[in-house]
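A.B. asks: Generate coordinates for the sequence data below:
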Amino acid sequence: MNNEIKEVVVVEGYHDLAKIKAIYPNMDVYITNGSEISESTLLELKSLNESRGLILLLDPDYQGERIRRIINNRVGITKHAFMNKKDCINKNGTKVGIEHANRDKIIEALSSFYSTKTDNKKMIELGDLYSLNLMGKLNSKRLRLELGEKLGIGLNNGKTLLNKLNMFGITIDEINEILGK
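C.D. replies: All right, here's what the predicted structure looks like:
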């Protein structure tokens with residue numbers, strides 16, 4: 001278990017905080033209060049990011065991705081820990097959230113995260129996703145899911161996948177290796 005995390009881990013709610021604190025009692029965790037992320041929260045996160053760095057560990061659903069985008073666009077370069085949706089579903093199969101994930105999956109997510117690239121140079125373009133069959137084919141969604149699960153970034157539509165691949169500096173060669181091409 002990685003007890004060397006110096007950054008502040010950002011989660012959505014109190015149940016997520018409790019789950020993380022049960023695993024890492026001394027870790028600093030910041031709560032966004034769900035999708036209602038306020039201007040004052042963004043200013044605090046910007047300050048924390050500048051002084052300590054942030055690791056975003058948000059729910060693998062629409063709202064979690066929305067919060068991730070908002071924070072990433074406002075606070076600067078952050079680190080991103082991802083969990084697969086299937087690992088974050090409650091016992092009844094009705095809710096998705098970090099608080100429902102098991103200990104080992106949370107440790108795994110916080111042990112392997114992505115950093116946002118500092119340059120804006122696009123390594124992968126939309127045409128590359130078509131060439132890789134990640135868009136425009138009958139099996140594209142399945143391939144995006146497979147790639148997302150192996151990278152730990154979940155299922156994404158084509159445009160979101162393109163943004164994430166470039167944001168994290170993932171290359172075409174890495175994609176081909178993951179997809180066995």
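A.B. asks: care to break this structure down by domain?
C.D. replies: 1-116, 121-181 (automatic domain parsing).
A.B. asks: Let's have these in JSON lines, adding mean pLDDT and mean neighbour count.
C.D. replies: Just so you know, the C-beta spots here come from the backbone N, C-alpha and C atoms, and that holds for glycine as well. Below are the domains of the chain laid out as JSON lines (pLDDT from 0 to 100; neighbours: other Cβ atoms under 10 Å):
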{"stretch": "domain 1-116", "mean pLDDT": "89", "mean neighbour count": "16"}
{"stretch": "domain 121-181", "mean pLDDT": "87", "mean neighbour count": "16"}
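A.B. asks: which residues sit in contact with the most centrally placed residue in the chain?
C.D. replies: Centroid-nearest residue in the chain, with Cα atoms, centre = their mean: Phe82, separated by 3.7 Å. By Cβ atoms under 8 Å, 6 or more residues apart in numbering, Phe82 lies in contact with Pro60, Ala109, Phe113, Tyr114, Leu151, Gly152, Ile153, Gly154.
A.B. asks: let's go with 6 Å and repeat that
C.D. replies: By Cβ atoms under 6 Å, 6 or more residues apart in numbering, Phe82 lies in contact with Gly152, Ile153.
A.B. asks: Roughly how far does it sit from Leu151?
C.D. replies: 8 Å (Cβ to Cβ, to the nearest Å).
A.B. asks: Need the residues touching each of the two.
C.D. replies: Between them, Phe82 and Leu151 share no contacting residue, judged by Cβ under 6 Å, 6+ apart.
A.B. asks: So Leu155 versus Asn26, what's the distance?
C.D. replies: 33 Å.
A.B. asks: typo on my end, Phe113
C.D. replies: 19 Å.
A.B. asks: for Gly53, same thing?
C.D. replies: 16 Å.
A.B. asks: likewise Ser111?
C.D. replies: From Ser111 to Asn26 the distance is 16 Å (Cβ to Cβ).
A.B. asks: Same question for Leu56.
C.D. replies: Distance from Leu56 to Asn26, by Cβ to Cβ: 20 Å.
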